[in-house]
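A.B. asks: got a predicted structure here, sequence first:
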Number of protein chains: 4
Amino acid sequence: MLEQVKQDVLRANQRLPEEGLVTLTWGNVSGIDRASGLVVIKPSGVGYKELTIDDLPVLDLDGRQLEGTLNPSSDTATHLALYRAFPGIGGVVHTHSSWATCWAQAGRAIPPLGTTHADYFYGEIPCTRSMTDDEIANDYELETGNVIIETFTGRDPLEVPGVLVKEHAPFVWGTSVKNAFDNAIVLEEVAKLAMHSEQLRPGIQPMNQALLDKHYLRKHGKNAYYGQRT
Amino acid sequence: MLEQVKQDVLRANQRLPEEGLVTLTWGNVSGIDRASGLVVIKPSGVGYKELTIDDLPVLDLDGRQLEGTLNPSSDTATHLALYRAFPGIGGVVHTHSSWATCWAQAGRAIPPLGTTHADYFYGEIPCTRSMTDDEIANDYELETGNVIIETFTGRDPLEVPGVLVKEHAPFVWGTSVKNAFDNAIVLEEVAKLAMHSEQLRPGIQPMNQALLDKHYLRKHGKNAYYGQRT
Amino acid sequence: MLEQVKQDVLRANQRLPEEGLVTLTWGNVSGIDRASGLVVIKPSGVGYKELTIDDLPVLDLDGRQLEGTLNPSSDTATHLALYRAFPGIGGVVHTHSSWATCWAQAGRAIPPLGTTHADYFYGEIPCTRSMTDDEIANDYELETGNVIIETFTGRDPLEVPGVLVKEHAPFVWGTSVKNAFDNAIVLEEVAKLAMHSEQLRPGIQPMNQALLDKHYLRKHGKNAYYGQRT
Amino acid sequence: MLEQVKQDVLRANQRLPEEGLVTLTWGNVSGIDRASGLVVIKPSGVGYKELTIDDLPVLDLDGRQLEGTLNPSSDTATHLALYRAFPGIGGVVHTHSSWATCWAQAGRAIPPLGTTHADYFYGEIPCTRSMTDDEIANDYELETGNVIIETFTGRDPLEVPGVLVKEHAPFVWGTSVKNAFDNAIVLEEVAKLAMHSEQLRPGIQPMNQALLDKHYLRKHGKNAYYGQRT
């Protein structure tokens, strides 16, 4: 099981540059084996092409490193906080993908403007509040996770599987590593579409709620009918 | 004949990612054999690279599946509605290509601003009206087709071979699968050009009608003189 | 000599899609052998990958086709008009490259805003006036050439080796086919830079004239010192 | 030692087109061997693919060419001025990368808007003042270096390892050729992000200073904890 997670995490990290989601080494993917509670994550500062499966640090949910000699991603504490708070998620992707990062830098949530958004994110993709100087100075990466979790108070993190961290960049998750990765691709595309849709119609309003419901629910939940069912 | 349509539909679906028209599996191409009235379409949720010719569902114009074990595209009812209403078309392409989707999300028709547009689309590329809650709740994909057809009341669908479905994305068609595919490429480029032309000249007006006529008619109709004639 | 021009024209046409300057078949390159007065040009509507050297039509400056069985580009009359009016040019490139076409659609000249522009174009890149209905209806392609030539009244076409044809797209030229092709690449990049520079500084003014002179003249004319001299 | 610098300079120049940082031959990378005070730089006007290690001119800090038969880059005097003034730098990269050049053409500094910027540039990336006609007419390339150095009066060039030369383009440096190259990649991305962030939030203000400090210092200085330490 952990072996499968390692394979998925390795492959997802390798795909970050292939899909145009990262510059240099600015992104990291992790996955969790819920049975054992173990998390596999990218090591810090290592190039995606040099990465091998044996390089991947394995940690428990409290951050104790159980496997691997390389330091885990400097964002590890954020990933672990998300796994602890959101029990339904199986993978986390952090990138500085360009369009999503622009929304994060602008400190704005991405409004749902069309079915592309609605197919994957059931409503606006929020932006976190500013972090306090204390949060930044002490346990910064853990507090980044906490401010994300605070943002999802009263929201289902699987219905909106991603967030913009203000003046930073997106964190995205999903039911599996693969699903989290797809959501990261979609977030980047949706961020691009929303910005340019707003250029074409200043003051644009969120889409029709009935259409949002229809598209999200034809792909998710018990009445979904998209794709091949077995 | 149907064999040729299958080959064309397979190849056109494979080209969707090659030409940068789709993210993930967000696009589908179909073709019709008018002699038999049979439609070949992409199966739902299948990756373009895995697709084989035997995967392609074949349906009649009433939606009965005659070949293939995979579910057809969830947008099939829209494609069939277009084939029934527009007897001159031989192929339909649906994508969420980025620039065209921005216009759809903004709910705006693309005005003709230059000869690039005029060479393929004889006038503005319309955007459909908002769908009602009833249309969204009941037979949504069929009603998507109906609202497109309504938009073309009094227009020739072969003169303007595409449409923006509001808060959704484009549907494009053509005399053949290949022609529909070319039109989808052109729509995306024209959408990009129009948006940035407007940025350079806010309040830009549609192009000279005589120039629009000239360019459309040098490529279409009995006096066309573009390309190689036999 | 004509053989060399054919090779250059073939290679330049093949490079159009490689350099991202064309969509579908929307571009054509020609070259002239000044000794014989013969022009080699792309045939109309033929894909760049299928093109062979024997496909290339050869015409004299009056438009009589001397070699090749395929129709020459529908824009041939424009190319020939430029060769007749501008005796110093050796090649012509016509594309619908995206950013340059936006300026053409907006009907605006591209102002010189930095040394990238000044290294190749000695001042603003003009946009032609609107063509009259008569010019469009009668000998349209020849009149397109004429309106370009009119735009260069009192200007040296080798100092500003390109133009935007209003509501159409750019025509670019140079001392040779290779030089014209480089200028087409530069025009596209300069068009992109100028549009976004204006976004960053609305109402931006043309660059310092002394800097424009310096950069143009360090690459052109008898005191040039850029590159390797023999 | 000089051999290693040559290898690094060759490789970095070759990577300019691979990373999308240059059009045609508009960019050059140099490196210095501080022990001998010798600088290796790209020759002027030579294509990146044809470049070999023996083509690379070697100069001393006063500009005397000690190795190579090709003319050094026309920007050599600028590179040398930077090496003389900034003793901590080991490499210099000059490009006309698109987004950074837009800021240079607009004559604007790039404000720090997020952690992507803060990870590499400790504060705004400045734009030089306009050069005087005298500076342009006499020893232009040397004066370009001087105006950069003037811009860094009172600033640490290793904390903000790059600059926008007004109406021209960026110069970037670093502790090594490799580090300078990374900084050139980052500058281009940061320029893109900042422009579009401003589009999303007109009047956007610089980021939280505590967050800027945190990100810069987790990657730089004695308390850095990003990456693998030995």
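C.D. replies: Done, it's in. Numbering: from 1, shown residues only, chains lettered A, B, ... in the order given.
A.B. asks: is the helix or strand A:Val190 falls within up against chain C anywhere?
C.D. replies: Assigned by DSSP states H and E, A:Val190 falls within helix A:177-200. No: legend: contact between helix A:177-200 and chain C by Cβ under 8 Å from any Cβ of the partner chain is lacking; minimum distance shown is 10.3 Å. All C-beta atoms are positioned from the backbone trio N, CA, C, and that covers glycine.
A.B. asks: rounded mean pLDDT for that helix, please.
C.D. replies: Mean pLDDT, helix A:177-200: 98.
A.B. asks: pull the CA atoms of the next helix or strand after it into PDB?
C.D. replies: Next in sequence after helix A:177-200, counting helices and strands by DSSP H and E, comes helix A:209-219. Output of helix A:209-219 as PDB, limited to C-alpha atoms (Å, rounded to 0.1, in the frame of the first residue of the first chain):
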ATOM      1  CA  GLN A 209     -26.400  28.400  -9.300                       C
ATOM      2  CA  ALA A 210     -28.600  25.800 -11.000                       C
ATOM      3  CA  LEU A 211     -25.900  25.300 -13.700                       C
ATOM      4  CA  LEU A 212     -23.200  25.000 -11.000                       C
ATOM      5  CA  ASP A 213     -25.200  22.300  -9.200                       C
ATOM      6  CA  LYS A 214     -25.900  20.400 -12.400                       C
ATOM      7  CA  HIS A 215     -22.300  20.200 -13.500                       C
ATOM      8  CA  TYR A 216     -20.800  19.400 -10.100                       C
ATOM      9  CA  LEU A 217     -23.400  16.800  -9.500                       C
ATOM     10  CA  ARG A 218     -23.200  15.100 -12.900                       C
ATOM     11  CA  LYS A 219     -19.600  14.300 -12.000                       C
END
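A.B. asks: now do helix A:209-219: which elements does it pack against?
C.D. replies: When contacts are defined as 3 or more Cβ pairs under 8 Å, 6 or more residues apart in numbering or on different chains; DSSP states H and E, helix A:209-219 packs onto helix A:115-118, helix B:133-137.
A.B. asks: what's the most buried one of those helices?
C.D. replies: Ranked by mean neighbour count under mean count of other Cβ atoms under 10 Å in any protein chain shown, those are led by helix A:115-118, which reaches a mean of 26.
A.B. asks: if we can go back for a sec, now the angle from the helix holding A:Val190 to helix D:177-200?
C.D. replies: Orientation check (axes from the mean of the first three to the mean of the last three Cα atoms, to 10 degrees): helix A:177-200 against helix D:177-200 gives 50 degrees.
A.B. asks: so does helix A:177-200 get close to chain D?
C.D. replies: Yes: applying Cβ under 8 Å from any Cβ, one finds that helix A:177-200 is in contact with chain D at A:195, A:198-199.
A.B. asks: next: stretch A:25-36.
C.D. replies: Yes: using Cβ under 8 Å from any Cβ, stretch A:25-36 reaches chain D at A:Trp26.
A.B. asks: again, but for stretch A:98-111
C.D. replies: Yes: Stretch A:98-111 comes into contact with chain D (Cβ under 8 Å from any Cβ), by way of A:98-99, A:101-108.
A.B. asks: how close does A:Glu159 get to B:Gly91?
C.D. replies: In this view, A:Glu159 and B:Gly91 are 36 Å apart by Cβ to Cβ, to the nearest Å.
A.B. asks: do A:Ile125 as well
C.D. replies: Relative to B:Gly91, and taking Cβ to Cβ, A:Ile125 is found at 35 Å.
A.B. asks: ok, the two, which is more surrounded?
C.D. replies: Set A:Ile125 next to B:Gly91 and count neighbours by other Cβ atoms under 10 Å in any protein chain shown: B:Gly91 wins out with 29 against 26.
A.B. asks: for that one, list the residues it contacts.
C.D. replies: Residues near B:Gly91 by Cβ atoms under 8 Å, 6 or more residues apart in numbering or on different chains: B:8-9, B:12, B:29-32, B:173-181.
A.B. asks: what does chain A put close to chain D?
C.D. replies: Counting by Cβ under 8 Å from any Cβ, the positions of chain A adjacent to chain D are A:23-24, A:26, A:43-46, A:70-71, A:74, A:96, A:98-99, A:101-108, A:130-131, A:133, A:136-137, A:140, A:167-169, A:195, A:198-199.
A.B. asks: A:Leu38 touches A:Asp60, doesn't it?
C.D. replies: Yes: at 6.1 Å, A:Leu38 counts as touching A:Asp60 under the criterion of Cβ atoms under 8 Å.
A.B. asks: which neighbours do those two share?
C.D. replies: Shared contacts of A:Leu38 and A:Asp60, defined by Cβ under 8 Å, 6+ apart, are found at A:Leu66.
A.B. asks: those two: who's more crowded?
C.D. replies: Set A:Leu38 next to A:Asp60 and count neighbours by other Cβ under 10 Å: A:Leu38 wins out with 19 against 13.
A.B. asks: residue in chain A with the shortest distance to chain B?
C.D. replies: Relative to chain B, the nearest point of chain A is A:Gly227 (3.0 Å; Cβ to the nearest Cβ).
A.B. asks: quick one, what contacts that residue?
C.D. replies: Neighbours of A:Gly227 in contact, by Cβ under 8 Å, 6+ apart: A:219, B:44-45, B:71, B:74.
A.B. asks: quick one: find the helix or strand in chain A with the lowest mean pLDDT.
C.D. replies: Among the helical and strand segments of chain A, the one scoring lowest on mean pLDDT, DSSP states H and E is helix A:209-219, with a mean of 93.
A.B. asks: list the buried residues in it.
C.D. replies: For helix A:209-219, burial by neighbour count (16 or more other Cβ atoms under 10 Å in any protein chain shown) applies to A:210-212, A:214-219.
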